[in-house]
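K.L.:
Coordinates only, no sequence provided:
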């Protein structure tokens, strides 16, 4: 624990545009590290693994706040905390994000940690990230050159790497409307009930089409690969099929090919995969009562 | 004994390990505490008014309002900060240390290394194998090498990077097997041979005959992974060496007295020129019960710089300081008759001690000696070997040495009950050792409320309706245990009291208790205050406790082996009772009544025959007594009776009183993920008498919680060699990755106090701080068997381990078979 952090400098912008300018200008010397809730950054600072000494406090940027529904879609400001997200009435149509928000760290972390920060930190174990994949979320980013929108799926490029320019800031997350009748499921398998980094995080969306076949399938996983991933083979095994034990079995086999989890101090690969299969089976059972006895 | 030869007195070293100059007093001269009319258990003023009531803790308000002063809150003028340089190798020779660049850094005031204080020390005088800072070798990743004092911590860290250490790496020994297989890779040169830290083999009765004659014999291998204490407050100390050559050290320690002795020894100072003060401590659990590098380093740096020096360990360093629960590999063979009587037990135990001895000599004995109650063991043998490995040293953690064998043994019992088709609670009752008896290894048992404990958990848990009667995935399990209320010997041999109190009464109506006792949150300062209030009729506000300051307080050995309430409580009771008698005599003389009539209660002193006529305030009573007798002060001390078996090591495990515990745990398991949720633990504990039921319940719940965490969550592992690090790096030295249960994980804990009223405890009290931990782990293991049909013989019972067990065996069939024994719903 470092008791003196007086060698660090924090820039306080007046608004988003000012923040973007400061960030851009900082590239000439030492890049400012954006600071939102600080729940990851402070840990890195204490551990000595963050070498930067200059920070950009995002708190004054009102443009980064707010949860708004627009024509069935939802826009969540990057600075919105998990606690605010979990409590917001508009979130009812996107229940997986509420559940994920309630799984992040514990109450103190949820009060500070932001959705933008969760994306920017880009941990493969980020609790909200599989939900963003499952919902086909879009991420709005901005720089001095203007705004652009990137599907979350394309934003992640590698372990803790994002397709962002060094002077871009995450502004908001946009969630499309969830198709009517969708079955939704979230599960975090951690070692303990709070303050836990997940062994497996799962977010799933299944939409039954006319005739009963699944017409839309999203199975998204955290902690199973260097980035948050969808299990595309397992999705394909379910898509256009009716709920059945056979389809579930195919999906189970396909999942084993989709996911090649890692061994680390939090879990071993064998357990991760076995837990993932059980989570998927649980989702499929809950989505269709007749699936398995 | 004028020839200085060791005798069989308490504290005598095992043969061949005598300390030069050790002179023990003749047996008949040993101190004996006073005998009080009516005994120690009786209330002094008719009824209990303070004892047994739900009173506040004396320091509680300061703690909850953030005003309690911990070591890290202390700031002295001109104070420097210091940090330790720690080894990156698990095992290496130190070729050279060059601190010149660090010393040249602006803001750095001094660097000290092992060469500045090479004297070996160790909590157990027969195994002094540690140095404040390593001189020739490092023995684990995190072993301390040098210390830097600077203006602030940041400068210290920069300076540490500039200290150049040249290492010559040596083969690292990271487990028991390697330690035994490679004696030539010697971890600790103080070992007698190879990597053997201590070996104990004791046999009582004919074990082989007993097992051969048994109807059922179960043999099992168990693995206890070990765990660490993780107190909320990291180790911290401030040292000040003043211009007169007097050293004061404030430290978050549980053993101010032992620290006092070792500081003087290692720093080569006269003991009387060293003062140790224990500020408020934020938890210890055994992890602060010996001196650590920081205290020596801060003191030495203060001596070198002439300025006060503070060292605060990081959380990571607390993991390296460790002294936590030993990993143990245990093999048990246990026999039983067809009707459920235990016949004999044969135990083979290996302890992974880490790099240094710590309390290991005692741990090795405890791994066998503390198993001999609450069940009668007609024949018992244990063979325990502690080895050195290149990991942080293990030592005493809550339930020192006996939690691991208790886990194995109680699981053995459950398996035997299953084999014999008997109810596990009934079998435990049948084997009850009784009260006022002796164990097979010669330990004296006084009060024993174990049967009441069993009754309580059976009744409260609804055992009869649940055991073998719940659906697959849900289960219930039982376990029992015993523990010591202090040991009857001091860690260094001497015949002086183990605890002492000086009590002062002031004419303002206030009492001040001074004692070397160590309050680490367990509430011993409150216990002293309650006792004084009870004896003298004072309000809790009018008793001040001054504790653990070697300048101001008489010696108490510290907070370990659950000794404080029993020993310093007795000392305090005597001190208070002496003064109570003086006051009673004064009043009786003035009023012309019998001294036995005098009652001191609720701030009033009166004669029970005519309280309307003969009554004054306690404050006035103090003044009358002071006028009659002079300044009012008294002392009390405690020395345990001579106890233990008449054999080598027979005093280790001997205690003036034993506590007893029974747990029932109820679990819900997910057979698909291997996840075990403990829903309830019913904890019944015989604490003799609960001096304050709230704090006793707190200890019971805290203990059960800690055992539950060890059983299911906490993993104490060291990494294999990998790119970037060598063998023996702790897998996750942080509170994020060392996963202790949160409040959301914690089961409903039901504390059920049982009071057997011990004849020798203060008002009949025994320990409550460590005993209630033991049965948590086996009760959960046995409940998992009832739920799933698998036997969890290795800790922790985490989901991957449970899944492996479910996959490996015919869990469901085993479950059905166990169920069929009961014969349908009752």
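P.N.:
Structure's in. What do you need? Please read these numbers as outputs of a predicted model, since none were measured by experiment.

K.L.:
Report the residue spans of the stretch 51-200 of chain B with pLDDT below the cut-off.
P.N.:
Applying pLDDT under 70 to the stretch 51-200 of chain B picks out no residues at all.

K.L.:
Chain A contacts on that one?
P.N.:
B:152, B:153, B:154, B:157 (C-beta under 8 Å from any C-beta of the partner chain). Heads up, the C-betas are built off the backbone N, CA and C, glycines and all.

K.L.:
and the third one, that one's in a helix?
P.N.:
Yes. With the criterion set as DSSP: H, G, I helix; E, B strand; the rest coil, the secondary structure at residue B:154 is a helix.

K.L.:
count of neighbours near it?
P.N.:
Neighbour count of residue B:154, defined by other C-beta atoms under 10 Å in any protein chain shown: 18.

K.L.:
what does the first one give?
P.N.:
Residue crowding around residue B:152 was assessed by other C-beta under 10 Å; the count is 14.

K.L.:
same check, this time on the second one
P.N.:
Residue crowding around residue B:153 was assessed by other C-beta under 10 Å; the count is 19.

K.L.:
show me what contacts the closest residue in space to it that isn't next to it in sequence?
P.N.:
Nearest residue to residue B:153 in three dimensions, chain neighbours excluded: residue B:81, at 4.8 Å (C-beta to C-beta, 6 or more residues apart in numbering or on different chains). Residue B:81 sits next to B:149, B:150, B:151, B:152, B:153, B:156, B:309, B:310, B:311, B:312 when contact means C-beta atoms under 8 Å, 6 or more residues apart in numbering or on different chains.

K.L.:
Against residue B:786, how distant is residue B:81?
P.N.:
Distance, residue B:81 to residue B:786, by C-beta to C-beta, to the nearest Å: 54 Å.

K.L.:
Was I right to think residue B:146 contacts residue B:96?
P.N.:
No. Using C-beta atoms under 8 Å, residue B:146 makes no contact with residue B:96, being 11.8 Å away.

K.L.:
Show me the common contact partners of the two, please.
P.N.:
residue B:165.

K.L.:
These two: who's more crowded?
P.N.:
Between residue B:146 and residue B:96, residue B:146 has the larger neighbour count (other C-beta under 10 Å), namely 25 against 8.

K.L.:
Quick one: list the elements packing against the helix or strand hosting the more buried one.
P.N.:
For residue B:146, the host element (DSSP states H and E) is strand B:144-150. In terms of contacts (3 or more C-beta pairs under 8 Å, 6 or more residues apart in numbering or on different chains; DSSP states H and E), strand B:144-150 is packed against strand B:80-86, strand B:92-98, strand B:108-113, helix B:153-162, helix B:293-305.

K.L.:
Just put these in CSV and tack on distance to residue B:278.
P.N.:
Formatted as CSV, the helices and strands packed on strand B:144-150 follow (distance: least, C-beta to C-beta, whole Å):
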stretch, distance to residue B:278
strand B:80-86, 20
strand B:92-98, 32
strand B:108-113, 24
helix B:153-162, 23
helix B:293-305, 11
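
K.L.:
So for residue A:132, which of those sits nearest?
P.N.:
Nearest to residue A:132, of all the helices and strands packed on strand B:144-150, is helix B:153-162, at 38.1 Å by C-beta to C-beta.

K.L.:
still on that earlier bit, please name whichever of the helices and strands packed on strand B:144-150 is nearest to residue B:369.
P.N.:
Closest among the helices and strands packed on strand B:144-150, using C-beta to C-beta: helix B:293-305, at 30.6 Å.

K.L.:
which element follows that closest one toward the C-terminus?
P.N.:
strand B:309-312.

K.L.:
average pLDDT across whatever helix or strand comes next after that next one?
P.N.:
Following strand B:309-312 in sequence order, the next helix or strand is helix B:315-321 (DSSP H and E). Averaged over helix B:315-321, pLDDT sits at 97.

K.L.:
Same question for stretch B:479-495.
P.N.:
92.

K.L.:
Can you name the residues that contact the residue of chain B most remote from its centre?
P.N.:
Taking C-alpha atoms, centre = their mean, the residue of chain B most remote from its mean C-alpha position is residue B:613, at 50.7 Å. Going by C-beta under 8 Å, 6+ apart, residue B:613 touches residue B:607.

K.L.:
what about 10 Å?
P.N.:
Listed by C-beta atoms under 10 Å, 6 or more residues apart in numbering or on different chains, the contact partners of residue B:613 are B:591, B:593, B:606, B:607.

K.L.:
ok, these vs chain A, which is closest?
P.N.:
Taking C-beta to the nearest C-beta as the measure, chain A sits nearest to residue B:606 out of those, at 53.7 Å.

K.L.:
Any chance of the backbone angles for that closest one?
P.N.:
phi -150, psi 170 (degrees, to the nearest 10).

K.L.:
Find the nearest non-adjacent residue to it, please.
P.N.:
Residue B:606's closest residue in space is residue B:615 (C-beta to C-beta, 6+ apart), at 3.8 Å.

K.L.:
Give me the buried stretch members for the lowest-mean-pLDDT helix or strand in chain A, please.
P.N.:
Across the helices and strands of chain A, the lowest-confidence element by mean pLDDT, DSSP states H and E is helix A:41-47, at a mean of 88. Using 16 or more other C-beta atoms under 10 Å in any protein chain shown as the test for burial, helix A:41-47 gives A:41, A:45.
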